[in-house]
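K.L.:
Pasting a predicted model and its sequence here:
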Amino acid sequence: EQRTMTRSILSALGIEVYVESEHYLDVATAISGSGPAYVFLFIEALTDAGVELGFPRDIAARLAVQTVKGSAIYAEQSGQHPAILRNQVTSPGGTTAAALYEFERGAFRAVIASAAKAAYRRAQELGTR
């Protein structure tokens, strides 16, 4: 059964998503509107890690940007759940598993969720003014 959607959300890339409630506009702001800053922060942090490990900044930045770009394109084209893709590139006991363990130890997912929720709350506050 196809549901009739009453609202549309436009992303920066021109993708249109139809939703039933204006409530989702603030959610879209938290995810797509603020999301590029989250990605840029990740790229910056990955670049800084590369520099700390010995790469010149320009090379570290190029690698970080291309890694994010390539991963996003692959995720979009594959249509698979991100967990499946992550598992495909994670060898048991390998370098990626070690890094992912550190992300989980640092509550990476919880911090991302908290940040998106803070952006959502702020969008709601700004919408009531």
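P.N.:
It's in. Residues are numbered from 1 along each chain as shown.
K.L.:
From Ala72, how far out is the spatially most central residue of the chain?
P.N.:
Central residue of the chain (C-alpha atoms, centre = their mean): Val39, 5.8 Å from the mean position. Val39 sits 8 Å away from Ala72, going by C-beta to C-beta, to the nearest Å. To be clear about C-beta, it is placed using only N, CA and C from the backbone, and glycine gets the same treatment.
K.L.:
Show me the shaky parts of this protein.
P.N.:
1-14, 129 (pLDDT under 70).
K.L.:
now the strands for it?
P.N.:
7-10, 16-19 (DSSP state E).
K.L.:
contacts for the lengthiest helix in the chain?
P.N.:
Ranked by residue count, the top helix of the chain under DSSP state H comes out as helix 57-78. The contact list for helix 57-78, computed with C-beta atoms under 8 Å, 6 or more residues apart in numbering, reads 39, 42-43, 46-51, 55, 82, 85.
K.L.:
what's the closest of these to Ala98?
P.N.:
Ala49 (13.5 Å; C-beta to C-beta).
K.L.:
and the closest residue to that closest one other than its chain neighbours, how far is that from Glu52?
P.N.:
Excluding the flanking residues, the one nearest Ala49 by C-beta to C-beta, 6 or more residues apart in numbering is Ala60, at 7.8 Å. Separation of Ala60 from Glu52 (C-beta to C-beta) stands at 9 Å.
K.L.:
Those two: which has the busier surroundings?
P.N.:
Relative neighbour count places Ala60 above the other of Ala60 and Glu52, with 20 against 9, counting by other C-beta atoms under 10 Å.
K.L.:
Turn the contacts of helix 57-78 into JSON lines, columns for distance to Ala113.
P.N.:
Output for these, formatted as JSON lines (distance: C-beta to C-beta, whole Å):
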{"residue": "Val39", "distance to Ala113": "16"}
{"residue": "Phe42", "distance to Ala113": "15"}
{"residue": "Ile43", "distance to Ala113": "20"}
{"residue": "Leu46", "distance to Ala113": "20"}
{"residue": "Thr47", "distance to Ala113": "24"}
{"residue": "Asp48", "distance to Ala113": "23"}
{"residue": "Ala49", "distance to Ala113": "23"}
{"residue": "Gly50", "distance to Ala113": "26"}
{"residue": "Val51", "distance to Ala113": "28"}
{"residue": "Phe55", "distance to Ala113": "31"}
{"residue": "Pro82", "distance to Ala113": "14"}
{"residue": "Leu85", "distance to Ala113": "20"}
